[in-house]
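Asks: Just the structure for this:
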Amino acid sequence: MNEIINAIPEYVITAVISTAIFYAFKYGETFIHNKALHAKTAQSRELWSFLEQVAMTAVNSLVSADMTGQDKFNKAAGLVQTALDNQGFKNVDVKAIDAAVQAAYEKSDLTDSNDPVKEAIQTAPNRANVIDQ
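Replies: Numbering: from 1, shown residues only. Sure thing, here's the model as predicted:
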């Protein structure tokens with residue numbers, strides 16, 4: 001009987017250590033998973049930043065080209081795709097490239113800078129009520 005009573009602390013210590021190891025592994029797994037998600041988010045943010053810069057450069061390089069608007073768009077999208085391929089970004093969706101080129105076009109000198117919505121808000125007789133909402 002004495003042997004059983006003396007063995008109880010060993011069993012308790014073993015159970016506590018096993019539980020601590022289990023929770024340490026669970027915490028470590030969650031920690032690593034969160035770090036991987038953060039790294040993917042940071043990588044995506046950098047890719048989108050690079051995509052915007054390349055699209056803006058491609059659109060600006062074609063501003064004075066003697067081409068139709070659709071030809072300029074297609075050429076800019078091709079230039080962006082080539083630049084991304086050269087930098088090792090192979091899995092960028094064509095729709096994302098088209099959206100970046102369209103956004104760059106909207107920001108470029110090719111578009112009219114007057115925004116009719118902003119003008120309507122600023123010239124409205126009770127614009128303070130519209131802006132506050």
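Asks: So which residues make contact with stretch 38-49?
Replies: Phe89, Val92 (Cβ atoms under 8 Å, 6 or more residues apart in numbering). For the C-beta atoms, the positions are set from N, CA and C on the backbone; glycine is no exception.
Asks: one more time with 10 Å
Replies: Applying Cβ atoms under 10 Å, 6 or more residues apart in numbering, the contact partners of stretch 38-49 are Leu84, Gln87, Phe89, Asn91, Val92, Ala96, Ala100.
Asks: Can you report how many residues neighbour the third one?
Replies: Translated: Phe89. Phe89 has 14 neighbours, counted by other Cβ atoms under 10 Å.
Asks: quick one: which of the contacts of stretch 38-49 is nearest Ile32?
Replies: Distance to Ile32, by Cβ to Cβ, is smallest for Asn91 among the contacts of stretch 38-49, at 23.3 Å.
Asks: related to what we said a few turns ago, so can I have a markdown table of the contacts of stretch 38-49 showing distance to Ala15 and pLDDT?
Replies: A markdown table is the format used below for the contacts of stretch 38-49 (distance: Cβ to Cβ, whole Å; pLDDT from 0 to 100):
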| residue | distance to Ala15 | pLDDT |
| --- | --- | --- |
| Leu84 | 55 | 87 |
| Gln87 | 54 | 85 |
| Phe89 | 51 | 81 |
| Asn91 | 48 | 80 |
| Val92 | 52 | 81 |
| Ala96 | 53 | 87 |
| Ala100 | 57 | 89 |
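Asks: Can you lay out the residues you listed as TSV showing distance to Ile13 and secondary structure?
Replies: Shown next, in TSV, are those (distance: Cβ to Cβ, whole Å; DSSP: H, G, I helix; E, B strand; the rest coil):
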residue	distance to Ile13	secondary structure
Leu84	57	helix
Gln87	56	coil
Phe89	53	coil
Asn91	51	coil
Val92	55	coil
Ala96	56	helix
Ala100	60	helix
